[in-house]
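In: Next come a sequence and a model predicted from it.
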Amino acid sequence: MPLEIARLCLGVLIAGFHKPIADFIVAGENSLVLTFRQRGLQLPPVISRETARNLYFGFGILIALLELFRIQQLTR
């Protein structure tokens with residue numbers, strides 16, 4: 001049960017801090033793509049910040065909902 005509660009907290013934290021997480025990841029991806037392009041390797045463009053924010057928010061909510069469901073099943 002403590003593991004399920006920890007996962008629930010993780011999902012809520014990801015959903016709560018989705019903007020800084022997404023901005024950090026997108027900045028890293030931008031620098032990585034720029035480095036590869038300077039070396040002659042063409043990569044597809046990075047997803048937008050808003051798309052990344054939506055993905056991380058959805059991911060956090062999905063984790064939280066799955067863990068709530070698991071906790072409900074364990075308490076029955």
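Out: Sure, I can see it. Please read all numbers here as calculations on a predicted model, not as lab measurements.
In: Report the central residue of the chain.
Out: Using C-alpha atoms, centre = their mean, the residue of the chain that lies closest to the mean C-alpha position is Tyr56, 3.4 Å off.
In: Before we move on, what's the pLDDT of it?
Out: Tyr56 carries a pLDDT score of 97 in this model.
In: host element of it?
Out: helix 49-75 (DSSP states H and E).
In: Can you give me the buried ones in that helix?
Out: 52-53, 56-57, 60, 63-64, 67 (16 or more other C-beta atoms under 10 Å). (Each C-beta comes from the backbone N, C-alpha and C, glycine too.)
In: And the residues you listed, which is closest to Ala6?
Out: Ala6 lies nearest to Glu67 out of the buried residues of helix 49-75, by C-beta to C-beta, at 8.9 Å.
In: mind listing what the residue nearest to the centre of the chain touches?
Out: 14-15, 18, 21-22, 25 (C-beta atoms under 8 Å, 6 or more residues apart in numbering).
In: 6 Å instead?
Out: Applying C-beta atoms under 6 Å, 6 or more residues apart in numbering to Tyr56 gives the contacts 18, 21-22.
In: what's the closest of the residues you listed to Gln72?
Out: His18 (24.5 Å).
In: burial count for that closest one?
Out: By other C-beta atoms under 10 Å, 20 other residues sit near His18.
In: Could you verify my assumption that it touches Phe59?
Out: No: if you go by C-beta atoms under 6 Å, His18 and Phe59 don't touch, sitting 8.1 Å apart.
In: Tell me how far the closest residue to the residue nearest to the centre of the chain other than its chain neighbours lies from Arg76.
Out: Closest residue in space to Tyr56, ignoring its immediate chain neighbours: His18 at 4.0 Å, by C-beta to C-beta, 6 or more residues apart in numbering. For His18, the distance to Arg76 equals 31 Å [C-beta to C-beta, to the nearest Å].
In: next one: Val26
Out: Counting by C-beta to C-beta, the gap from Val26 to Arg76 is 41 Å.
In: Would you check how far apart Gln38 and Val46 are?
Out: Distance from Gln38 to Val46, by C-beta to C-beta: 15 Å.
In: Nice, that's everything, thank you.
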